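**Student:** After the sequence you'll find the predicted model.
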Amino acid sequence: GAGVSQSPSNKVTEKGKDVELRCDPISGHTALYWYRQSLGQGLEFLIYFQGNSAPDKSGLPSDRFSAERTGGSVSTLTIQRTQQEDSAVYLCASSVVGGGIWNEQFFGPGTRLTVL
Amino acid sequence: TQLLEQSPQFLSIQEGENLTVYCNSSSVFSSLQWYRQEPGEGPVLLVTVVTGGEVKKLKRLTFQFGDARKDSSLHITAAQPGDTGLYLCAGASSGGGADGLTFGKGTHLIIQP
C-alpha cells in the first residue's frame, strides 16, 4: 500500500520568501507529526495533529512556522519569511493513533529545504 | 525536557565484526524505539521495547531496554555492509501524552566490506 508521501522532495528558496511543504499521510492514520532534521543531527519535533487539531505545537521554532491539516488527511507546513537557519530536511510521519507506548510512526522521505 | 544521548556518534568497522550502540537518558520513557535511516529516506522503525529489562532480537540485531527504562542498547552481530545507516533511538513520553517522539542525534554506522 501507499506510504507517507511528501512534496516537493527538494525546495530551494531565497531568504525572506514563504514556502509551503505538503504531507500526505497513510490513509486511515489519525495522527500526523512534523519533524525537522538538520545535517548530521537527530529529529527535532515540530508539531503533532490528532485529526485536524493540533494539541501540541510546542516544537514550532518561531511564529514564522505554522501548520494545518484538513479533512483528517493532508497537512501543510508553512514557513514565512524564510531564514538560512531554516535549511533542513522536513520529515512528516503518521500513525494509526497518536501517543501511547507503541506509537509506531511511519515516515515520509522528507522535503529538503535550502534557503539561500 | 527529555533528552536522549546516543553513543558513539560515528562508527566505522569491518564486515563481520560485532558492535554495540547506546542510548541513554536521565528521564524515564514509557517505551523506546529504534529506527534506521538511509540517505534520502525517512527513518524506518526496527523495534519497540516497552518493559524494563526487555530483550528483543531481530535476526542479527539485539535490542535491550534498561531495567529503569532510561536507557537502551542495540547490538549487531557479524555486521554486514547492508547494516550501514543512521541508527536513531526515540523515546515515547512517560506521561502518556500524545507528543512527538524524543529522538537522539543518532549513530552513523558504516560497515566496510
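**Tutor:** Sure thing, it's come through.

**Student:** Can you list the strands that the strand or helix carrying residue B:72 pairs with?
**Tutor:** Taking DSSP states H and E as the definition, residue B:72 sits inside strand B:71-76. Strands adjacent to strand B:71-76 in the sheet, as given by DSSP bridges, are strand B:19-24 (antiparallel), strand B:61-65 (antiparallel).

**Student:** CA atoms only: put the first one into PDB for me.
**Tutor:** Backbone C-alpha positions of strand B:19-24 (Å, rounded to 0.1, in the frame of the first residue of the first chain) are rendered in PDB as follows:
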ATOM      1  CA  LEU B  19      29.200  -3.600  17.700                       C
ATOM      2  CA  THR B  20      27.000  -2.000  20.300                       C
ATOM      3  CA  VAL B  21      25.300   1.300  20.100                       C
ATOM      4  CA  TYR B  22      24.000   3.000  23.300                       C
ATOM      5  CA  CYS B  23      21.100   5.300  24.000                       C
ATOM      6  CA  ASN B  24      21.000   7.000  27.500                       C
END
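
**Student:** Need the residues that contact that strand.
**Tutor:** B:4-8, B:11, B:13, B:32, B:34, B:70-76, B:79, B:87, B:89, B:104, B:107, B:109 (C-beta atoms under 8 Å, 6 or more residues apart in numbering or on different chains). All C-beta atoms are positioned from the backbone trio N, CA, C, and that covers glycine.
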